[in-house]
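1. This is the structure alone, sequence omitted:
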DNA sequence: CTGCATCCGGGAGGATACTG
DNA sequence: CAGTATCCTCCCGGATGCAG
């Protein structure tokens, strides 16, 4: 787990991991780490989707956070935002190729979650019982 | 990307995704989403490690957050904490089988990051240039 | 319908000093 | 060495109102 391609200059930190802010893992983590981002990407797996549809599928998200998340993902090139010049306004969000390449990870995450959630829950119960 | 096993009761939200707080993806997200957690798990990939060693490899982490992260991961059954009764104190942290099963994801994350970070950076630059 | 602007409270998390 | 305790700041994110 070395940030081999982004190690700092100093030889003293050769063994450091995730040490550099510029470490790509760190940057991606800031994105994947964002709960809403992952949920948006996951939701868009099924295809293009409108703003309201996303809001409905991601229960609990405020308009503010949804917009903010969508903007960030758009800026990162993970999805496209298409405004249709009609009334009422219609805006479609769709994953880019880059965004879809993330689906593998997101899916892996979901799979791990469904597979191991029980073990985690048991471990927590055991820990709390001490 | 349905939380198929954890859908809410109401039929009205049948199409919702990540809607339920109890959704396992959501829970795992709270863990994976945590930057420090991922870095700790990634660092421990190489084998057992002491507190200070972890602190050194994860540059920028405060003692507070490192301890907090380690406790949470221990509680979740992702790593073990072994205290050796010696002076000076020696505490080893080691991934459990469950923790190691997460390495696949963490590695996938790192791989995606290293592979696509340039595309993301370019996309950001293009977006900002508009 | 699809947002943006604004306000605001709470909690995450950094810095620092100290202890068994 | 391996943490704990304390303080304090910042910003995440919810609520609300409004605009195009």
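-> Perfect, thanks for sending it. These numbers were taken from a predicted model, which means no experiment stands behind them. Numbering: from 1, shown residues only, chains lettered A, B, ... in the order given.

2. from here on, contacts and neighbour counts on C-alpha atoms
-> Noted.

3. so where do the strands sit in chain A?
-> Taking DSSP state E as the criterion, chain A carries its strands at A:49-50, A:79-84, A:90-95.

4. for the shortest one, what is the average pLDDT?
-> Across strand A:49-50, the average pLDDT comes to 95.

5. Which elements pack onto it?
-> The contact analysis (3 or more C-alpha pairs under 8 Å, 6 or more residues apart in numbering or on different chains; DSSP states H and E) places strand A:49-50 against strand A:90-95.

6. How about the last one?
-> Contact analysis of strand A:90-95 by 3+ C-alpha pairs under 8 Å, 6+ apart lists strand A:49-50, helix A:51-57, strand A:79-84 as its packing neighbours.

7. Please repeat the previous calculation with a cut-off of 7 Å.
-> If contacts are counted by 3 or more C-alpha pairs under 7 Å, 6 or more residues apart in numbering or on different chains; DSSP states H and E, strand A:90-95 sits against strand A:49-50, strand A:79-84.

8. DNA strand C is nearest to which of these?
-> DNA strand C sits nearest to strand A:49-50 of all the helices and strands packed on strand A:90-95, at 4.7 Å, using C-alpha to the nearest atom of the strand.

9. Give the pairing partners of the closest one; include direction for each.
-> Sheet pairing for strand A:49-50, assigned by DSSP bridges, gives strand A:90-95 (antiparallel).

10. between the strand it pairs with and strand A:79-84, how many degrees?
-> Note on geometry: by axes from the mean of the first three to the mean of the last three C-alpha atoms, to 10 degrees, strand A:90-95 and strand A:79-84 are set 160 degrees apart in direction.

11. Strand A:90-95 and DNA strand C in contact?
-> Yes: interface with DNA strand C: strand A:90-95 contributes A:90, A:91 (C-alpha under 7 Å from any atom of the strand).

12. Residues touching the lowest-mean-pLDDT helix or strand in chain A, excluding its own?
-> Lowest on mean pLDDT, DSSP states H and E among the helices and strands of chain A sits helix A:24-32, with a mean of 76. Here helix A:24-32 makes contact (C-alpha atoms under 7 Å, 6 or more residues apart in numbering or on different chains) with A:18, A:37, A:38, B:33, B:35, B:110, B:113, B:114, B:117.

13. what helices or strands is the longest helix along chain A leaning on?
-> When chain A is parsed with DSSP state H, its longest helix is helix A:97-129. Secondary-structure packing of helix A:97-129 (3+ C-alpha pairs under 7 Å, 6+ apart): helix A:35-43, helix B:24-32, helix B:63-75, helix B:97-129.

14. Using neighbour counts, pick out the buried residues of the third one.
-> Read that as helix B:63-75. Across helix B:63-75, burial judged by 16 or more other C-alpha atoms under 10 Å in any protein chain shown covers B:66, B:69, B:70, B:72, B:73, B:74, B:75.

15. Over to the second one?
-> Applying a neighbour-count criterion of 16+ other C-alpha under 10 Å, one finds B:24, B:25, B:26, B:28, B:29, B:31, B:32 buried in helix B:24-32.

16. for stretch A:84-96, same thing?
-> Quick answer for stretch A:84-96 (16+ other C-alpha under 10 Å): A:91, A:92, A:93, A:94, A:95.

17. Enumerate the residues of chain A near DNA strand D.
-> A:34, A:35, A:60, A:61, A:62, A:63, A:64, A:65, A:88, A:89.

18. Swap in 10 Å and give it another go.
-> Residues of chain A lying close to DNA strand D by C-alpha under 10 Å from any atom of the strand are A:33-37, A:59-66, A:68-69, A:86-90.

19. Mind listing residues that contact stretch A:96-113?
-> So stretch A:96-113 is contacted by A:38, A:42, A:77, A:78, A:79, A:80, B:24, B:25, B:28, B:105, B:108, B:109 (C-alpha under 7 Å, 6+ apart).

20. how far does that stretch sit from the chain's center?
-> Counting by C-alpha atoms, centre = their mean, to the nearest Å, stretch A:96-113 is centred 9 Å from the centre of its parent chain.

21. Any residue of that stretch touching DNA strand C?
-> No: using C-alpha under 10 Å from any atom of the strand, stretch A:96-113 never reaches DNA strand C; the gap is at least 16.4 Å.

22. That's all I had, so thanks and see you.
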